[in-house]
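> Okay, predicted coordinates and the sequence, questions at the end:
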Amino acid sequence: MNTPTLNAGRITALGRSELTLLVRNRATLTLALLMPLLMVFVLRSSLSGAEGARAVGEATLTGGIGMVLLLVVHMNLVSSYVARREELVLKRLRTGEASDLEILAGTALPAAALALAQIAVLAVAGAAALDVRMPQNPLLLVAAVLAGVLVLAALSAVTSSFTRTVETAGLTTLPLFLATVLGSGLFAPTDALPDLAASLCELLPLSGVMTLVRAGWSGGAEGGDLLGAALTALAWIMISVFAVQRWFRWEPRR
């Protein structure tokens with residue numbers, strides 16, 4: 001990869017072109033826009049009248065934030081990177097003025113913006129519909145979500161390097177999806193796991209982010225736990241960026 005530079009104008013222009021392609025796919029766009037509201041509706045129906053519904057609803061909303069990050073950022077971006085690579089779009093962009101980092105960031109911009117919009121809708125509508133309290137530390141929650149976007153955007157670029165076609169993206173994104181859902185405590189706490197398994201789960205790519213998300217919404221987390229979660233998220237960002245520089249493919253796989 002060439003020397004990383006950032007130009008907001010070029011990133012915005014690239015992002016605008018990606019957004020145009022997204023808007024043209026009306027089925028994907030409609031599903032993306034309606035998904036948070038559908039999640040809120042399902043949660044409200046399933047939790048109505050249940051004992052401890054508020055606590056369960058709060059925990060489920062934080063898990064829903066993780067699901068949005070996985071589905072909208074990770075899975076969508078892997079397909080986008082693979083499609084642009086196989087169509088030689090990335091190769092053509094690389095011959096212009098845009099740096100490698102600008103190309104990758106511009107491609108990721110619409111997915112990141114859509115995920116942030118969905119999470120905002122999910123948080124506001126979900127809190128109102130499920131009668132749960134709003135986030136106790138909004139700044140921490142926003143920082144956690146942004147860290148999640150960075151981690152998953154970089155991991156998406158890495159995953160695309162090992163994905164031959166758009167059709168196989170569903171298979172290559174499955175390991176991280178399952179590991180995060182089962183091991184990062186999206187909907188079920190990991191406290192019930194054996195100590196060794198729980199310690200290993202804390203090192204998963206999105207575990208630190210989800211710890212910060214829960215702390216941002218519910219509050220009450222200890223400083224040591226927050227520091228550990230932040231360091232885990234930062235470590236995965238650094239590891240993913242190194243992996244992108246080392247293995248990202250700009251030309252079609254043959």
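Looks like it came in fine.
> Which residues are in contact with residue 205?
When contacts are counted by CB atoms under 8 Å, 6 or more residues apart in numbering, residue 205 touches 151, 152, 155, 176, 179, 180, 236, 240. To be clear about C-beta, it is placed using only N, CA and C from the backbone, and glycine gets the same treatment.
> can you check residue 65 too?
Taking CB under 8 Å, 6+ apart, one finds 119, 122, 123, 145, 213 in contact with residue 65.
> same thing but at 6 Å, please
119, 213 (CB atoms under 6 Å, 6 or more residues apart in numbering).
> And the pLDDT at it?
For residue 65, the model assigns a pLDDT of 90.
> what's near enough to touch the residue positioned nearest the centre of the chain?
Closest to where the C-alpha atoms of the chain average out (CA atoms, centre = their mean) is residue 69, at 2.8 Å. When contacts are counted by CB under 6 Å, 6+ apart, residue 69 touches 148, 152.
> just the buried members of the contacts of residue 205?
Neighbour counting over these (16 or more other CB atoms under 10 Å) leaves 151, 152, 155, 176, 180, 236, 240 as the buried ones.
> Pull the most distant pair out of these.
Using CB to CB, the two most remote members of those are 180 and 240, lying 14.1 Å apart.
> contacting residues for residue 86?
Counting by CB under 6 Å, 6+ apart, residue 86 has contacts residue 252.
> please redo it, this time with the cut-off set to 8 Å
165, 166, 252, 253.
> that older thread, which ones among the contacts of residue 205 map onto helices?
151, 152, 155, 176, 179, 180, 236, 240 (DSSP state H).
> any chance of the residues you listed in JSON lines, with pLDDT too?
Converted to JSON lines, the ones in helices among the contacts of residue 205 look like this (pLDDT from 0 to 100):
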{"residue": "151", "pLDDT": "96"}
{"residue": "152", "pLDDT": "95"}
{"residue": "155", "pLDDT": "96"}
{"residue": "176", "pLDDT": "93"}
{"residue": "179", "pLDDT": "91"}
{"residue": "180", "pLDDT": "91"}
{"residue": "236", "pLDDT": "95"}
{"residue": "240", "pLDDT": "94"}
